[in-house]
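Enquirer: sequence and computational prediction follow.
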Amino acid sequence: MTSWLLEFSDLQYTYPGGQKSVLNGVSFGIPEGKKCVLLGRNGCGKSTLFQHANGILQPRQGEVRWRGKPFVYKRSFLQEMTQKVGLVFQDPEHQLIASTVAEDVSYGLVNRKLPPDTIREKVGKALEAFGMSELAETPIHHLSLGQKRRLALAGVMVLEPELLLLDEPTAYLDRYQTKNLLRELDQIHRSGTTVLMATHDMDIAFEWAEWICVMDGGRLVFAGEPQALLAERQMLESLHLGIPLIAEVWEMLPPSWKREMGEGIPQSLADWKRRLEERKEEVASV
Ligand SMILES: Nc1ncnc2c1ncn2[C@@H]1O[C@H](COP(=O)(O)OP(=O)(O)OP(=O)(O)O)[C@@H](O)[C@H]1O
Ligand SMILES: [Mg+2]
């Protein structure tokens, strides 16, 4: 049975002064230990939902559960949740508060009243892990947007969360930095952190995720493995999410090639290359 690390159950939310309800009964669980993606078009409520995952926002109705235990909207519980659930905001300007890079990474540790030596050590390690050691004393306003995003991630990871939520982490990153980030997220996942990334990039979702949830209009419309999502063509078309490029190319292949290359659409180019290598002779003879 799947063990849900965090569950959203029938959440409803309207912003103060807002006319319309933004979350309209969204329910789903985040499976522990998996690389997950939350897909959904602009304005469907992804960022609003994320802010319910560590208690920044409280639902008007419904509940959020951590390992089966409902959230309690009290200071001590929420403090614990902000450590367990690390949230990297869509806009790093909402996250970075200190004046230099090192100060910013140390912020959460100082708040937790850790000894100065421990803080120094953890900050040093985090900056090294994210390739930012040389920028330690750099003022935050001198950083590029890509660097600010890395810093925001470093500041969250230094607190060693069990669940990492990233809101559109690849937006504005160039191709090289996107690949780098996905590799880093793989590393974070391998070291035992469950990861959930919000995006509307179908190609990234299909290649990277082990589990995909799709939201629309403040509700869940799909949860399952990437290959199962591809069977939901009508839904993907109607939500304008499209299908992954790799799937479009795959579908243009003659059926005999597809048969020789094995069942199912390759999840990535690397997967495609591996299959070609393994079946070089069979494919050549088709
Ligand atoms: N602070 C706010 N006050 C009032 N309404 C808000 C606020 N933040 C978001 N909304 C509204 O809530 C809805 C959902 O927004 P949200 O940012 O959660 O969507 P999203 O799925 O993250 O979109 P995107 O892909 O563009 O980031 C939108 O209609 C938006 O206008
Ligand atoms: Mg958003």
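Expert: Sure, I can see it. Numbers count the residues shown, from 1 in each chain. Ligands and ions are numbered 1, 2, ... in the order given.
Enquirer: for the rest of this, base every contact and every neighbour count on C-alpha atoms.
Expert: OK.
Enquirer: so what's Gly192 closest to, chain neighbours aside?
Expert: Take Gly192 and drop its neighbours on the chain: the residue closest to it by CA to CA, 6 or more residues apart in numbering is Gly33, 6.6 Å away.
Enquirer: who are the contact partners of that neighbour?
Expert: Listed by CA atoms under 8 Å, 6 or more residues apart in numbering, the contact partners of Gly33 are 189, 192-195.
Enquirer: kindly recompute the last result at 10 Å.
Expert: The contact partners of Gly33, by CA atoms under 10 Å, 6 or more residues apart in numbering, come to 3-5, 162-163, 189-195, 210.
Enquirer: pretty sure Ile119 contacts Asp104?
Expert: No - if you go by CA atoms under 10 Å, Ile119 and Asp104 don't touch, sitting 11.7 Å apart.
Enquirer: now do the SS call for the residue nearest the centre of the chain.
Expert: When CA atoms, centre = their mean is applied to the chain, the residue found nearest the centroid is Met197 (1.3 Å). Here Met197 is recorded as strand under DSSP: H, G, I helix; E, B strand; the rest coil.
Enquirer: can you tell me how far it is from ligand 1?
Expert: As defined by CA to the nearest ligand atom, to the nearest Å, Met197 lies at a distance of 11 Å from ligand 1.
Enquirer: Val37 is in contact with that residue, correct?
Expert: Yes - contact between Met197 and Val37 holds when scored by CA under 10 Å: they sit 4.7 Å apart.
Enquirer: which residues do those two both contact?
Expert: By CA under 10 Å, 6+ apart, Met197 and Val37 have these common neighbours: 165-166, 205, 208-209, 212.
Enquirer: buried subset of those?
Expert: 165-166, 205, 208-209, 212 (16 or more other CA atoms under 10 Å).
Enquirer: please list which of these are also close to ligand 1.
Expert: By CA under 6 Å from any ligand atom, no member of these lies near ligand 1.
Enquirer: span of stretch 137-145 from start to end?
Expert: 17 Å (CA to CA, to the nearest Å).
Enquirer: show me the contact partners of that stretch.
Expert: Contacts of stretch 137-145 (CA under 10 Å, 6+ apart): 91-93, 96-104, 132, 135, 147-151, 172-173.
Enquirer: show me what from the chain comes close to ligand 1.
Expert: So the chain meets ligand 1 at 15, 18, 22, 41-48 (CA under 6 Å from any ligand atom).
Enquirer: count of residues packed around the closest residue to Val105 other than its chain neighbours?
Expert: The shortest distance from Val105 to any non-neighbouring residue, by CA to CA, 6+ apart, is to Gly155 (4.3 Å). For Gly155, the count of nearby residues is 28 (other CA atoms under 10 Å).
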